[in-house]
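Quick one, what's the 3D model for this:
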Amino acid sequence: MKAFQLAWPVLLIVALGSSPAQDAAKEKDQAQQTATALEAIRKALADLPPGAETDQIKKSLERLQSQLKDLQGRVTLAEADLAMWRERMAWSERMAKKGFLTNQQAQADRARFNSAEIALQKVQEEFKKFLGDPKKRPEK
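Numbers count the residues shown, from 1 in each chain. Predicted coordinates for the structure are as follows:
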């Protein structure tokens, strides 16, 4: 029993398919991509000469910057939701094993975790599309 108590966090990580090191690497890569995109936008804004056409370009670049920050915030929020539901799912499964919760309650938390995981994947795909092909950027 003691071996299981020591190993359950590792089993949970394996079951969920990622490790804290992998999550940190993904987060670092995303932060680097965001910083690179923001720096490119700032450079483009600084290099614009004054004029009517450049005002339109400047507004477009500012809109892109705003969209990028919005997407970054949505990714961060989705990651936080996923982490919260991961903890809740693990807790409810432990409580169900002890008889304090029903299996249906534990399954409901597992379903919420799966939903949060899908929501994060959706936002991350949107983020990748935004950083990738300009034609695939979501319109607001």
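
Which of the helices or strands spans F100?
F100 is part of no helix or strand when elements are defined by DSSP states H and E.

Can you report how many residues neighbour it?
Residues within reach of F100, counting by other C-beta atoms under 10 Å, total 10. (Each C-beta comes from the backbone N, C-alpha and C, glycine too.)

Equivalent analysis for K122, please.
For K122, using other C-beta under 10 Å, the count is 12.

And F100, how far from S92?
Distance, F100 to S92, using C-beta to C-beta, to the nearest Å: 9 Å.

same question, E79
If you go by C-beta to C-beta, the gap between E79 and S92 works out to 20 Å.

out of the two, which sits in the busier spot?
S92 (23 against 18).

Mind giving me the packing neighbours of the helix or strand hosting W91?
For W91, the element it lies in under DSSP H and E is helix 52-98. The helices and strands touching helix 52-98, judged by 3 or more C-beta pairs under 8 Å, 6 or more residues apart in numbering; DSSP states H and E, are helix 2-16, helix 20-46, helix 103-131.
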